[in-house]
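>>> give me a 3D structure for the following:
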Amino acid sequence: MKRSKVIAMVVVVVMLVSLLAGCGTPTAEEKTDAGAETAAATQEVQEGAQATGTPTESEAAEASGSSDKILAEVIDTDMSVLKGKKIGCAQRITTIAWQIAQMDSLTSAAEKYGVEFIYTDADNDQSKQISDVEDLCAQGIDALLYPAVEYEAGAAALEIAAKYDVPVFLMGQNCEKTDDQYVAAALTDFELDGGLCGQWIVENMDSAKIVEIQGQLGTDTEIGREKGFGEAIAAGGENYEIIVQQSGNFMMDDAQQAMDNIIQSYSGKFDTVFCHNDEMALGVLAALKAAGLEGKITVVAIDGQKAAVQEIINGNITAIATCETRIGDLMFSMVAAYMNGEDQPKVTSIPSEIIDKNNAEEAMTNGMAF
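Alright, predicted model coming up:
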């Protein structure tokens with residue numbers, strides 16, 4: 001799937017504003033009607049695509065003669081327009097392995113194209129990120145790469161960018177917005193991430209009593225992964241149940257503490273843990289080990305960092321849905337296409353795939369793991 005210059009992405013036309021419906025933490029019972037909601041959402045996407053003239057997935061697949069989703073590549077445009085430009089990134093956080101890999105990709109691409117690349121670290125604080133956007137715009141940046149910390153509150157940053165007349169490119173995480181507030185978006189498909197993990201459980205386990213360690217509540221990432229996972233588990237039937245959900249804030253230490261508390265309250269009542277990212281999965285493993293449960297509980301997670309993939313090889317994590325971090329060429333090609341006055345997809349989605357015992361060793365060397 002991964003290439004140094006080409007990142008496969010599923011073209012999507014739906015704005016992820018509909019994720020607002022999942023801002024809470026629904027119980028397993030509330031998720032049982034997810035199938036009907038999904039069908040309704042699919043109909044809305046198809047109708048919206050027809051109205052805008054953008055092909056739906058099924059229409060695109062038919063045109064290609066394949067049932068596979070149509071994949072987009074890095075935009076073929078004149079990248080020389082980027083030389084000497086100042087591009088800012090209001091990053092969510094730069095100390096977590098996934099974001100470190102993403103920032104490495106962005107800084108490498110910036111150097112390749114002669115971009116003056118400046119970035120900030122909000123430490124997962126939405127208020128600070130909004131202040132960071134103000135600071136970056138005041139420095140006269142030519143474009144802003146923006147992965148919002150929170151879906152709703154993150155919208156304020158778009159208003160600031162508009163005040164400075166700075167074009168915005170949403171990166172990874174979505175936020176509440178109108179079409180005129182951003183140029184284009186490359187968004188991680190968080191529902192797909194969660195859905196792949198839920199589907200893996202249903203396909204590989206006869207039943208499951210599940211603890212869900214969620215990310216930072218209210219973020220686009222947490223909302224999507226919770227929703228996708230919940231729908232996949234609900235589709236598995238009554239043998240699959242999420243018995244407790246608790247936030248680990250995407251942090252290893254927070255997840256370890258949350259898991260310690262859950263072990264005390266739910267000992268013997270769960271056999272599976274789903275973590276919204278690998279950082280938290282590693283914290284969960286520490287808690288399970290301390291409780292003598294290492295290797296006895298199925299653990300699934302999302303991201304694909306090498307430390308976690310190694311735990312698949314070690315037999316402590318069972319499966320990971322990995323999502324692409326190397327998006328530097330993609331993001332800068334989007335900015336270049338805009339500067340060249342060229343059309344580009346309004347929204348594209350970065351897909352995920354499963355790493356488990358069948359491909360974990362290969363993933364450590366072929367670029368799937370980071």
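>>> hmm, Asn249 and Gly283 touching each other?
No: using Cβ atoms under 8 Å, Gly283 is not in contact with Asn249, being 10.3 Å away. Where you see a C-beta, it was placed from the backbone N, CA and C, and this is true even at glycine.
>>> what's the overlap in contacts for these two?
Residues touching both Gly283 and Asn249 by Cβ atoms under 8 Å, 6 or more residues apart in numbering: Ala255.
>>> would you state the helices of the stretch 251-370 of the chain in chain order?
252-266, 278-290, 306-314, 328-339, 360-366 (DSSP state H, counting those that start in this stretch).
>>> just give me how far the last one sits from the chain centre.
Remark: helix 360-366 is offset 21 Å from the chain centroid, using Cα atoms, centre = their mean, to the nearest Å.
>>> okay, now the unreliable bits of this protein?
By pLDDT under 70, the weakly predicted segments of the chain are 1-73.
>>> how about a cut-off of 50?
Applying pLDDT under 50 to the chain flags the ranges 1-72.
>>> could I have stretch 266-277 exported to CSV, CA atoms only?
This file holds the C-alpha atoms of stretch 266-277, laid out as CSV (Å, rounded to 0.1, in the frame of the first residue of the first chain):
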residue,chain,number,x,y,z
TYR,A,266,-14.3,-5.8,36.0
SER,A,267,-11.9,-8.6,36.8
GLY,A,268,-13.0,-11.8,35.1
LYS,A,269,-15.8,-10.0,33.1
PHE,A,270,-13.8,-9.1,29.9
ASP,A,271,-11.6,-11.0,27.5
THR,A,272,-10.8,-8.3,24.9
VAL,A,273,-9.5,-4.7,25.0
PHE,A,274,-9.8,-2.3,22.0
CYS,A,275,-7.5,0.7,22.2
HIS,A,276,-8.0,3.8,20.0
ASN,A,277,-4.2,4.0,19.4
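>>> go through it and flag the buried ones.
When burial is assessed from 16 or more other Cβ atoms under 10 Å, stretch 266-277 yields the following buried residues: Phe270, Thr272, Val273, Phe274, Cys275, His276, Asn277.
>>> go through these and say which is closest to Phe117.
Within the buried residues of stretch 266-277, the smallest distance to Phe117 is 25.1 Å, found for Asn277 (Cβ to Cβ).
>>> in contact with the closest one, which residues?
Asn277 neighbours (Cβ under 8 Å, 6+ apart): Ile96, Trp98, Gly215, Thr221, Phe250, Ala301, Ile302, Asp303.
>>> Gly283 and Asn249: which has the busier surroundings?
Neighbour tally, Gly283 and Asn249, criterion other Cβ atoms under 10 Å: the higher count belongs to Gly283, 23 against 20.
>>> check contacts around the more buried one.
Applying Cβ under 8 Å, 6+ apart, the residues near Gly283 are Gly248, Met251, Met252, Asp253, Asp254, Ala255, Gln256, Gln257, Met259.
>>> one step back: got the helices of the stretch 251-370 of the chain as JSON lines, with distance to Ala148 columns?
Shown next, in JSON lines, are the helices of the stretch 251-370 of the chain (distance: least, Cβ to Cβ, whole Å):
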{"stretch": "helix 252-266", "distance to Ala148": "20"}
{"stretch": "helix 278-290", "distance to Ala148": "19"}
{"stretch": "helix 306-314", "distance to Ala148": "25"}
{"stretch": "helix 328-339", "distance to Ala148": "15"}
{"stretch": "helix 360-366", "distance to Ala148": "29"}
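>>> and Thr120, helix, strand or coil?
strand (DSSP: H, G, I helix; E, B strand; the rest coil).
>>> nearest residue to it in space, please, no chain neighbours.
Asp132 (3.8 Å; Cβ to Cβ, 6 or more residues apart in numbering).
>>> quick check: the gap between that neighbour and Glu226.
27 Å (Cβ to Cβ, to the nearest Å).
>>> tell me which of these two has more neighbours.
More crowded of Asp132 and Glu226, by other Cβ under 10 Å: Glu226, with 28 against 23.
>>> just the strands in the stretch 151-300 of the chain please.
168-172, 184-188, 208-214, 240-247, 272-275, 298-303 (DSSP state E, counting those that start in this stretch).
>>> isn't Gln126 up against Ala153?
Yes: the pair Gln126 and Ala153 qualifies as a contact (Cβ under 8 Å) at a distance of 4.7 Å.
>>> so for the two, which sits in the more crowded spot?
Between Gln126 and Ala153, counted using other Cβ under 10 Å, the more crowded position is Gln126 (22 against 17).
>>> got the phi/psi numbers for that one?
Here is the backbone geometry of Gln126 (degrees, to the nearest 10): phi -60, psi -40.
>>> dump the residue contacts of Ile354.
Each residue near Ile354 by Cβ under 8 Å, 6+ apart is listed here: Leu196, Trp200, Ala319, Ile320, Ala321, Thr322.
>>> out of the strands of the stretch 151-300 of the chain, which comes closest to Ala363?
Ala363 lies closest, by Cβ to Cβ, to one member of the strands of the stretch 151-300 of the chain: strand 298-303, at 11.8 Å.
>>> describe which strands the closest one pairs with in its sheet and in which direction.
With DSSP bridges as the test, strand 298-303 is paired with strand 272-275 (parallel), strand 319-323 (parallel).
>>> tabulate these (TSV), appending distance to Glu342.
What follows is the strands paired with strand 298-303, written out as TSV (distance: least, Cβ to Cβ, whole Å):
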stretch	distance to Glu342
strand 272-275	40
strand 319-323	27
